[in-house]
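Asks: what follows is a predicted protein model with its sequence.
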Number of protein chains: 2
Amino acid sequence: VTSPIAPVRWEHDRLILLDQRLLPGQELERAYARWEDVADAIRTLVVRGAPAIGVTAAFGVALAARSSRATDAGALLGDVEIALKGLAETRPTAVNLFWALDRVRRVAEAARHQPVADIRQRLLSEAQAILDEDVAANRALGDHGATLVPPRARILTHCNAGALATAGYGTALGVIRGAVERGKRITVLADETRPFLQGARLTAWELVRDGIDTTVITDNMSGAMMRQGKVDLVVVGADRIAANGDTANKIGTYTVAVLAREHNIPFYVAAPLSTIDLNTPDGDHIPIEERSAREVTHLGGAQLTPEGARVRNPAFDVTPHRLIAGIITERGIFRPPYTESLARAFAAQAC
Amino acid sequence: VTSPIAPVRWEHDRLILLDQRLLPGQELERAYARWEDVADAIRTLVVRGAPAIGVTAAFGVALAARSSRATDAGALLGDVEIALKGLAETRPTAVNLFWALDRVRRVAEAARHQPVADIRQRLLSEAQAILDEDVAANRALGDHGATLVPPRARILTHCNAGALATAGYGTALGVIRGAVERGKRITVLADETRPFLQGARLTAWELVRDGIDTTVITDNMSGAMMRQGKVDLVVVGADRIAANGDTANKIGTYTVAVLAREHNIPFYVAAPLSTIDLNTPDGDHIPIEERSAREVTHLGGAQLTPEGARVRNPAFDVTPHRLIAGIITERGIFRPPYTESLARAFAAQAC
């Protein structure tokens, strides 16, 4: 039995991140003591995946409080606020980042009359709580999602919504792990997911490590595989789910959703409630990050495209709610109409 | 003005191929004197693209005749037959290969009572005729296809159906060149086309060389681009068109066709008549080549996927005729129902 994958963890007063840029060739952990370096790690994809980014940013704030030289709460909260703002500017699409930062900001503000040592400790405890809750949420959503999976199923997934994208266990891969743990016979088709190859590098690495039968395909093969009847179900993660169910996820997710509909294959989104943003009314209001052209034009130092060609590199796209058969969360599976079902989920949580 | 691209040509008793594996980084031509090496060049993608493969194979047979030590026609035709069989085994999907080989076989058989020097010369002349006719066909289909292109158009294409895929000018890119030559304002979205990256490497190289505004996207971006209204028209090439219009083309073409239909964008196939195979009733009867897993798992020597992951690598998929708005050929644009329109085209040709 291999140890669980922990892409983000706290050890000896340092934040430890598994460098996901180097997988699967190299398993290298990096230790972080400064929030600025954590921000850089998020920006440069040392860590990626909406829930993992949120957890990482929360620890980044805890590091900012620890390294602050402030001797009074006011000065400490000033330093914390700088880190909150800086970390919020790393990536725009995944709402878990802002959700986690809001949560630690509230903890800092609530503790503003405490000694600085207590504030520091509370921020660290909150980051650890966010991490622990994320793993628990993924196990719970894996339980719910597993009920949707037939006893023998060929599941297609896009990008990496696994242990590496979260604090552990995964969302889309949590559903797959949940099904496997129930004894279902699962084979997985993993889209390689250009340009960063999260599917080929990360999803395949995670699933092979768990002994789950995994086949990597290039992104442009998913249509042919569905047409040949080789896919029973699609499950993907999410970077932000709007109030109406529209879902931003890794570029290419929309294409997979259109193909799934064309072939009458159910298309599910798996995400914790922290990915649902009721303040974003629909997908048109989700900011989509455009990343560096170099991610597309180069691979491993080699230039693929000629000089003079333009490049687009939107990191995400939006899948409209009408293509989504269900949203799998730690509080159960939400069905259309999402405007009502998602609102009810949060109303229930607020009680 | 840059010279036209000639991926396949005859010079000083040698077949010259532009090594397409090295583009766009390096423009290297290789000279071939033996048919066995030509077969290897086809297999290993030094040359690719259905019409280009056909032309290359025809020259391969001419080389076999030249290098044969036979002193009588019977022995020469025996050596030619060995080359015909060997070249036919290089790749299974593109019908132009078999079409070109059949054509040179008929020439050899018709000349069987001629002196061996004459047989050699006739095979070489036939190969050159196939080359010249291919360029002429592409210019003609570019003329026809250009009439389908609005005065300002954003055209998406997949893989490379350009000068490099043919004897020159191109099929899908022939339509684009035809539109540009008529003064239309064209911008092109080129799918990068994993795993071999014909779009990123070859289509972008060709079009940038011609001064045509070209943007490379990863294959998984085409859906998002269409949803954002950034595509007016799709045109692709073909490796084999069945009698009912079903079209085998580079893997991912089917996905693009489904997406085009979803967004009410016309999807055209551009190909010479030599790509249409009335002996193949429909797409289910087109053999689809599965290529080496290494094309997916490795890029430039670097391994992308972990050990233990399976890989699929079908080189082509089939787009059903119902998704194709028209088939653009040198004899005009054929419309559904294709079973009738394609049969009429060949009946007219036979007159």
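Replies: Thanks, I have it.
Asks: list the buried ones in stretch A:284-294?
Replies: Buried residues in stretch A:284-294, counted by 16 or more other C-beta atoms under 10 Å in any protein chain shown: A:286, A:288-289, A:291, A:293. Every residue, glycine included, has its C-beta placed from N, CA and C.
Asks: just put the residues you listed in TSV and tack on distance to chain B and secondary structure.
Replies: TSV is the format used below for the buried residues of stretch A:284-294 (distance: C-beta to the nearest C-beta, whole Å; DSSP: H, G, I helix; E, B strand; the rest coil):
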residue	distance to chain B	secondary structure
A:Ile286	12	coil
A:Ile288	9	coil
A:Glu289	13	coil
A:Arg291	11	coil
A:Ala293	9	coil
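Asks: next up, the contacts around A:Val55.
Replies: When contacts are counted by C-beta atoms under 8 Å, 6 or more residues apart in numbering or on different chains, A:Val55 touches A:8, A:100, A:127, A:130-131, A:134, A:166-167.
Asks: buried ones among those?
Replies: A:8, A:100, A:127, A:130-131, A:134, A:166-167.
Asks: can you give me the strands in the stretch 51-200 of chain A?
Replies: A:152-157, A:185-191 (DSSP state E, counting those that start in this stretch).
Asks: quick revisit: tell me the one of the buried ones among the contacts of A:Val55 nearest B:Arg182?
Replies: Of all these, A:Thr166 has the smallest distance to B:Arg182: 53.6 Å, by C-beta to C-beta.
Asks: give me the distance from stretch A:74-84 to the chain's centre.
Replies: Offset of stretch A:74-84 from its chain centre (C-alpha atoms, centre = their mean, to the nearest Å): 27 Å.
Asks: tell me the pLDDT at the closest residue to A:Ala172 other than its chain neighbours?
Replies: Leaving aside its sequence neighbours, A:Ala172 sits nearest to A:Ala161 (C-beta to C-beta, 6 or more residues apart in numbering or on different chains; 3.6 Å). Per-residue pLDDT puts A:Ala161 at 98.
Asks: again, but for the one 4 residues further on
Replies: Listed pLDDT for A:Ala165 reads 98.
Asks: roughly how far does it sit from A:Arg182?
Replies: Noted for A:Ala165: a distance of 22 Å to A:Arg182, by C-beta to C-beta, to the nearest Å.
Asks: same drill for those two, tell me which one is more crowded.
Replies: Using other C-beta atoms under 10 Å in any protein chain shown, the more surrounded residue of A:Ala165 and A:Arg182 is A:Ala165, with 32 against 14.
Asks: surely the more buried one meets A:Thr56?
Replies: No: contact status for A:Ala165 versus A:Thr56: not in contact, 11.4 Å apart, counting by C-beta atoms under 8 Å.
Asks: could you give the mean pLDDT of the helix or strand hosting A:Ile42?
Replies: Taking DSSP states H and E as the definition, A:Ile42 sits inside helix A:35-43. The average of the pLDDT scores along helix A:35-43 is 98.
Asks: how far is that helix from where the chain is centred?
Replies: How far helix A:35-43 lies from its chain's middle: 16 Å, per C-alpha atoms, centre = their mean.
Asks: outside of stretch A:274-286, which residues touch it?
Replies: If you take C-beta under 8 Å, 6+ apart as the criterion, stretch A:274-286 is touched by A:50-51, A:54, A:93-96, A:99-100, A:134, A:137, A:238-244, A:246-248, A:316, A:318-320, A:327, A:329, A:342-343, A:345-346.
Asks: repeat that for stretch A:77-88.
Replies: Under the contact criterion C-beta under 8 Å, 6+ apart, stretch A:77-88 has outside partners A:35-36, A:38-39, A:42, A:57, A:60-61, A:63-65, A:68, A:70, A:97-98, A:101, A:104-105, A:108-109, A:112, A:119, A:123.
Asks: look at A:Thr280 and give its secondary structure.
Replies: coil (DSSP: H, G, I helix; E, B strand; the rest coil).
Asks: what's the neighbour count on it?
Replies: 19.
Asks: now it: how far from A:Val180?
Replies: Distance from A:Thr280 to A:Val180, by C-beta to C-beta: 33 Å.
Asks: go on, A:Ile288?
Replies: 33 Å.
Asks: residues of the stretch 1-150 of chain A that sit close to chain B?
Replies: Residues of the stretch 1-150 of chain A lying near chain B by C-beta under 8 Å from any C-beta of the partner chain: A:24-25.
Asks: find me the pLDDT at the residue of the stretch 1-150 of chain A found nearest chain B, would you?
Replies: For the stretch 1-150 of chain A and chain B, the shortest gap (C-beta to the nearest C-beta) falls at A:Pro24, measuring 3.7 Å. The score at A:Pro24 is 97. That number is its pLDDT.
Asks: and the gap between it and A:Arg201?
Replies: 5 Å.
Asks: which one's more surrounded, those two?
Replies: Neighbour count, other C-beta under 10 Å: between A:Pro24 and A:Arg201, A:Arg201 has more, with 27 against 22.
Asks: reduced to three states, what does the more buried one come out as?
Replies: Per three-state DSSP, the secondary structure class of A:Arg201 is helix.
Asks: need the contact list for it.
Replies: For A:Arg201, the contact set (C-beta under 8 Å, 6+ apart) comprises A:20, A:23-24, A:160, B:304-306.
Asks: can I get the residues you listed in CSV with secondary structure and distance to B:Pro337?
Replies: Output for the contacts of A:Arg201, formatted as CSV (DSSP: H, G, I helix; E, B strand; the rest coil; distance: C-beta to C-beta, whole Å):
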residue, secondary structure, distance to B:Pro337
A:Gln20, coil, 51
A:Leu23, coil, 51
A:Pro24, coil, 49
A:Asn160, coil, 45
B:Leu304, coil, 43
B:Thr305, coil, 43
B:Pro306, coil, 48
